[in-house]
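In: sharing a model prediction with you, sequence too.
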Amino acid sequence: MRLYTVHIRRTSRDTDRDVVLVREGFSWGAFLFTVLWALWRRMWLAALLIVLGGLVLDSIVALAELDPVSETVLSLAYALYIGFAGNDWHRGSLARRGYEEQAVVGAADLGDAERRYFGEAVAAPLVSA
């Protein structure tokens, strides 16, 4: 079972439209597509920092005159770091854009998590102060 955090925009009146579920743990999208993943999630600063981090990594490789295997290992380590941190960055980005973490849902996949959350939300409507 996977855990998903549910984020709702504070300023929205329609809870169905402005709800985002983010999975806990490793993000394959962030690992494989790094900058494109960040841009797709509208995380502009993260995308810029990923590019800058890649440029710094390339400079280190060039200055240290590393062999291709070492360069590949460093690049893989960088991508792994982004994969492990990506969903946390996404949650932080949502918080800065006015979303509040509302709940945590355990489910097999995203669709099941949405069904569970909205099924419970219909049974017990959200009340904002």
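Out: It's in.
In: show me what stretch 55-63 is in contact with.
Out: Contacts with stretch 55-63, where a contact means Cβ atoms under 8 Å, 6 or more residues apart in numbering, come from Ser70, Glu71, Leu74, Ser75, Tyr78. For glycine as for every other residue, the C-beta is placed from the backbone atoms N, C-alpha and C.
In: next one: the helix or strand hosting the second one to chain centre, how far?
Out: For Glu71, the host element (DSSP states H and E) is helix 68-96. For helix 68-96, the gap between its own C-alpha mean and the chain's C-alpha mean amounts to 10 Å (Cα atoms, centre = their mean, to the nearest Å).
In: output whatever helix or strand comes next after it as PDB, nothing but the C-alphas.
Out: Counting by DSSP H and E, the next helix or strand C-terminal to helix 68-96 is strand 99-107. Output of strand 99-107 as PDB, limited to C-alpha atoms (Å, rounded to 0.1, in the frame of the first residue of the first chain):
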ATOM      1  CA  TYR A  99      -2.300  24.500  -0.900                       C
ATOM      2  CA  GLU A 100      -2.800  23.000   2.500                       C
ATOM      3  CA  GLU A 101      -2.100  19.400   3.300                       C
ATOM      4  CA  GLN A 102      -5.500  18.100   4.200                       C
ATOM      5  CA  ALA A 103      -5.100  14.300   4.700                       C
ATOM      6  CA  VAL A 104      -3.000  11.200   4.100                       C
ATOM      7  CA  VAL A 105      -4.600   8.400   2.100                       C
ATOM      8  CA  GLY A 106      -3.300   4.800   1.900                       C
ATOM      9  CA  ALA A 107      -4.100   3.100  -1.400                       C
END
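In: report the angle between the next helix or strand after strand 99-107 and strand 99-107.
Out: Going down the chain from strand 99-107, the next helix or strand is helix 110-123, by DSSP H and E. Using axes from the mean of the first three to the mean of the last three Cα atoms, to 10 degrees, the inter-axis angle of helix 110-123 relative to strand 99-107 is 110 degrees.
In: counting by contacts, list what helix 110-123 packs against.
Out: Applying 3 or more Cβ pairs under 8 Å, 6 or more residues apart in numbering; DSSP states H and E, we find helix 110-123 packed against strand 2-9, strand 19-23, strand 99-107.
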